[in-house]
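# Fold the stuff below for me.
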Amino acid sequence: MKIEAKDLQSALTEASIKLECSVIDLEYTILQQHKSGFLGFGRKNAIIEVEVKKHKKKSFKRENKSHFKNEEKLNKFEKKENKSKKISEENELKNEMKIEPIKKEAYIVKSDAIFDSFHKEDYANQDDLLDEIKIQLERLLKISCFQISLKELKMYDENCIFIRLDGEDSALLIGKEAHRYKAFSYLLHNWINLKYNLLVRLEIAEFLEKQIQGMQFYLQGVAEKIKQSGRGQTKPLDGVLIKIALEELRAMFPHKYVGIKQNGDQRFVVVNDFVKKDE
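Now for the predicted structure:
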């Protein structure tokens, strides 16, 4: 059976489900190694040729059927033959039946947790991870056409990394209506989230800080309406603005439901009492 998936882990998981067996009972040949590429480019899926190990392919139904027939024969021998002959026949049967048939239960993958660390890169500490990201990020900035450099790189929290860039071309990298900022942030997210399973918080010069301050000022009016009516929503937002609004409103209303709602191409943050956040 040929299986194609984003990586070897996913391919083996899919094969174990289709063949109804454990991963350790699979024999496979790698036809194509998966490649993450660089920043999402040049990515290739893993392709394997897989089958169940030969000793697992025996038909258990036939073995069970054969087992019951041998038991019937054994009972006949017990009735017809004397004690010495019965012992001899039993020994012959035991020699023929070397493997006791076992009823096979369908294998179900209940959780992918056992594969969480499969083919996952290990780092002795966060400094090793940050050093690796720093080297690759500085290499990327060096080959870009912008005069900009990495000023700060640290863990924002356990699931997010903070990157601060600054330089002569900061305004150019942000772009009109932040279109380059959004594109570059999306590029970094695709790379870092795919390889390290981390979110990205990108600051260029003081752009992000100013966006936070502007959003906090706007949300004051939204918060007043929510306090009066018990519910409300923001104007349509995108990119980093909707993330800022979501964080700010969740901090303001910890006992209300605060989430992102989408209407066509527009997304906005809603706050209401119908669903509690911790439920």
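
# what comes up buried for stretch 219-236?
219, 222, 223, 226, 232, 233, 234 (16 or more other CB atoms under 10 Å). Where C-beta positions appear, they are placed from N, C-alpha and C, glycine not excepted.

# for the residues you listed, which one is nearest residue 47?
residue 234 (45.3 Å; CB to CB).

# Distance-wise, check that closest one relative to residue 273.
In this view, residue 234 and residue 273 are 17 Å apart by CB to CB, to the nearest Å.

# Show me which strand runs longest in the protein.
Among the segments of the chain that qualify as a strand by DSSP state E, the longest is strand 149-157.

# after that one, next one along is what?
Counting by DSSP states H and E, the next helix or strand C-terminal to strand 149-157 is strand 160-166.

# What residues does residue 2 make contact with?
Shown in contact with residue 2 (CB atoms under 8 Å, 6 or more residues apart in numbering): 31, 47, 48, 49, 50.

# Just grab the bridge partners of it for me.
Using DSSP bridges, the bridge partners assigned to residue 2 are residue 49.

# which stretches of the stretch 1-150 of the chain have low pLDDT?
Segments of the stretch 1-150 of the chain classed as low confidence (criterion: pLDDT under 70) are 37-42, 55-124.

# any chance you could map the strands in the chain?
Going by DSSP E, the chain shows strands at 2-5, 26-32, 46-52, 149-157, 160-166, 199-204, 232-233, 257-263, 266-272.

# Of those, which is nearest residue 245?
For the strands of the chain, the distance to residue 245 is smallest for strand 266-272, at 4.8 Å, taking CB to CB.

# Tell me the helices and strands packed up against that closest one.
Contacts defined by 3 or more CB pairs under 8 Å, 6 or more residues apart in numbering; DSSP states H and E place strand 266-272 against strand 232-233, helix 239-252, strand 257-263.

# quick one: contacts of that strand?
Counting by CB under 8 Å, 6+ apart, strand 266-272 makes contact with 226, 230-238, 242, 245-246, 249, 253, 256-261, all of which sit outside it.

# let's see 7 Å
By CB atoms under 7 Å, 6 or more residues apart in numbering, the surrounding residues in contact with strand 266-272 are 226, 231-238, 242, 245-246, 249, 253, 256-261.

# Give the rounded mean pLDDT of that strand.
Strand 266-272 shows a mean pLDDT of 91.

# which parts of it are buried?
Residues 267, 268, 269, 270, 271, 272 are the ones in strand 266-272 that count as buried (16+ other CB under 10 Å).
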